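Undergrad: this one's sequence-less:
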């Protein structure tokens with residue numbers, strides 16, 4: 001369990017580091033932007049036997065994401081929870097390999113951006129149009145695939161090294 005928490009914290013901090021190193025504006029979106037924390041949630045899901053612990057981590061990191069990155073109240077916690085349910089469904093349907101994990105990460109990132117767009121549009125929060133949504137999604141795909149692929153192999157190597165099959 002400690003390995004997954006360290007990895008989630010690393011991904012959470014990487015979010016801040018990458019946004020500071022490769023800053024984006026509405027007119028110039030960086031190709032290094034993605035939601036690293038969501039990718040981490042995709043990567044660690046198959047290792048959980050006790051899904052209650054997984055959902056607790058999802059809720060905690062959703063709240064932290066709300067407080068630190070977006071300054072919204074419970075919005076990302078709800079979105080993270082919805083994405084965690086989709087991750088569970090997709091993991092039950094698809095086999096666990098690098099291609100399918102990348103596919104689940106891409107679906108999760110796209111779902112995050114679409115849910116954020118819909119909710120923020122419904123409450124008239126800011127100037128956020130469909131063209132910007134498409135730009136954000138397309139620009140985040142490259143880094144999503146890179147981070148998912150690297151994380152998949154690193155986490156798999158660490159879990160194999162410590163002979164951990166599942167978190168109970």
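TA: Thanks, I have it. Just so you know, these numbers come straight off a predicted model, no measurement behind them. Numbers count the residues shown, from 1 in each chain.
Undergrad: only C-alpha atoms for contact and neighbour calcs from this point on.
TA: OK.
Undergrad: Show the contacting residues for residue 63.
TA: By CA atoms under 8 Å, 6 or more residues apart in numbering, residue 63 lies in contact with 73-74, 76-77.
Undergrad: Which helix or strand contains it?
TA: helix 51-65 (DSSP states H and E).
Undergrad: quick one: buried residues of that helix?
TA: 54-55, 57-59, 61-65 (16 or more other CA atoms under 10 Å).
Undergrad: re earlier: among the contacts of residue 63, name the buried ones.
TA: Applying 16+ other CA under 10 Å to the contacts of residue 63 flags 74, 76-77 as buried.
Undergrad: can you give me the helices in this protein?
TA: 2-21, 36-44, 51-65, 75-93, 98-122, 130-161 (DSSP state H).
Undergrad: right, and those - which one's nearest residue 29?
TA: The closest of the helices of the chain to residue 29 is helix 130-161. By CA to CA, the value is 6.7 Å.
Undergrad: model confidence over that closest one, on average?
TA: Across helix 130-161, pLDDT averages out at 92.
Undergrad: quick one: that helix to chain centroid distance?
TA: 8 Å (CA atoms, centre = their mean, to the nearest Å).
Undergrad: same deal with stretch 36-53?
TA: So, by CA atoms, centre = their mean, the centroid of stretch 36-53 is 10 Å from its chain's centroid.
Undergrad: And the contacts of that stretch?
TA: In contact with stretch 36-53 (CA under 8 Å, 6+ apart) are residues 4, 7-8, 11-12, 14-15, 54, 58, 61, 80, 84, 87-88, 91, 96, 101, 104-105, 108-109, 144, 147-148, 151-152, 155, 165-168.
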